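K.L.:
with the input below, show me the fold.
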Amino acid sequence: MPLAPPAEVMAVHTTVVDWINLIRSEYLEIPGLCLTTTQVQRFRGLDAMRCDALLETLVAGRFLKRTPAGAYLRADGGGH
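P.N.:
Purely as a prediction, here's the structure:
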């Protein structure tokens, strides 16, 4: 069985739409998920600029909201 590619390799071959869908699905699958930009960057192997753009796109689409502390959680409360 082949090994899964490292996060850095996945980041290069994943489109913006793929990233948006992936991040959305993680927030949908894990009720109450609240992550900082740095946590999303590390978890997915994203650079800061790309990560910020993806998260801000999800905020603009009213799927995520940013807390006063700078973390992101579902705008609808996501299980809280």
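K.L.:
state the three-state secondary structure for the residue nearest to residue 51 when sequence neighbours are not counted.
P.N.:
Nearest residue to residue 51, sequence neighbours excluded (Cβ to Cβ, 6 or more residues apart in numbering): residue 41, at 4.7 Å. Every C-beta, even on glycine, is put in place using the N, C-alpha and C of the backbone. What DSSP: H, G, I helix; E, B strand; the rest coil gives for residue 41 is helix.
K.L.:
next up, the contacts around residue 41.
P.N.:
47-48, 51 (Cβ atoms under 8 Å, 6 or more residues apart in numbering).
K.L.:
so how far is residue 43 from residue 14?
P.N.:
Distance, residue 14 to residue 43, using Cβ to Cβ, to the nearest Å: 13 Å.
K.L.:
ok, back up a step: can you select the buried ones from the contacts of residue 41 in ChimeraX?
P.N.:
Selecting only the buried entries of the contacts of residue 41 in ChimeraX, with 16 or more other Cβ atoms under 10 Å as the criterion:
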select :51
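K.L.:
which element, helix or strand, includes the residue nearest to residue 33 when sequence neighbours are not counted?
P.N.:
Excluding the flanking residues, the one nearest residue 33 by Cβ to Cβ, 6+ apart is residue 27, at 5.2 Å. Taking DSSP states H and E as the definition, one finds residue 27 inside helix 16-29.
K.L.:
perfect, I'm done here.
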